[in-house]
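Chemist: Sharing a sequence plus its predicted fold:
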Amino acid sequence: MAMGIAQLIKQLYDLGYSHYQIEEIIRETTGTVSVKDLDSQQSINLAQSLEEYIDFAIKCRKQSL
């Protein structure tokens, strides 16, 4: 995992995701919106999920140009 969760979340904000959308991604992946108490497997799963959303947003931006 190259980037930390906080960096991935920031990247989603930069790509235009709202606070609510990011909370929902976190909740769907981990069952909670708090990333402070995640175990290592939850952290890995969340990072992978956030990276997938980032990749999707980047693809959408490229197609709209």
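Modeler: Great, that's in hand.

Chemist: in stretch 53-64, what's buried?
Modeler: Residues of stretch 53-64 classed as buried: 53, 54, 57 (neighbour count, 16 or more other Cβ atoms under 10 Å). Bear in mind the C-beta positions are built from the backbone N, C-alpha and C, glycine included.

Chemist: Now do the SS call for residue 27.
Modeler: At residue 27 the chain is in helix, as set by DSSP: H, G, I helix; E, B strand; the rest coil.

Chemist: Run a quick check on it versus residue 35, I expect a contact.
Modeler: No - counting by Cβ atoms under 8 Å, residue 27 does not reach residue 35; the two are 10.7 Å apart.

Chemist: Neighbour count: these two, which is higher?
Modeler: Legend: neighbour count by other Cβ atoms under 10 Å for residue 27 and residue 35, higher for residue 35 (15 against 12).

Chemist: so where do the helices sit in this protein?
Modeler: Counting by DSSP state H, the chain has helices at residues 5-14, 19-30, 40-64.

Chemist: residue closest to the middle of the chain?
Modeler: Nearest residue to the geometric centre of the chain (Cα atoms, centre = their mean): residue 50, 2.6 Å.

Chemist: Tell me, how many residues neighbour the residue lying closest to it once chain neighbours are set aside?
Modeler: Spatial nearest neighbour of residue 50, chain neighbours left out: residue 8 (4.0 Å); criterion: Cβ to Cβ, 6 or more residues apart in numbering. Neighbourhood size, residue 8 [other Cβ under 10 Å]: 21.

Chemist: next one: the lowest-mean-pLDDT helix or strand in the chain to chain centre, how far?
Modeler: Here the helix or strand of the chain ranked lowest by mean pLDDT, DSSP states H and E is helix 40-64, holding a mean of 93. Its chain's C-alpha centre and that of helix 40-64 lie 6 Å apart, by Cα atoms, centre = their mean, to the nearest Å.

Chemist: now that helix against helix 19-30, angle please.
Modeler: Angle between the axes of helix 40-64 and helix 19-30 is 130 degrees (criterion: axes from the mean of the first three to the mean of the last three Cα atoms, to 10 degrees).
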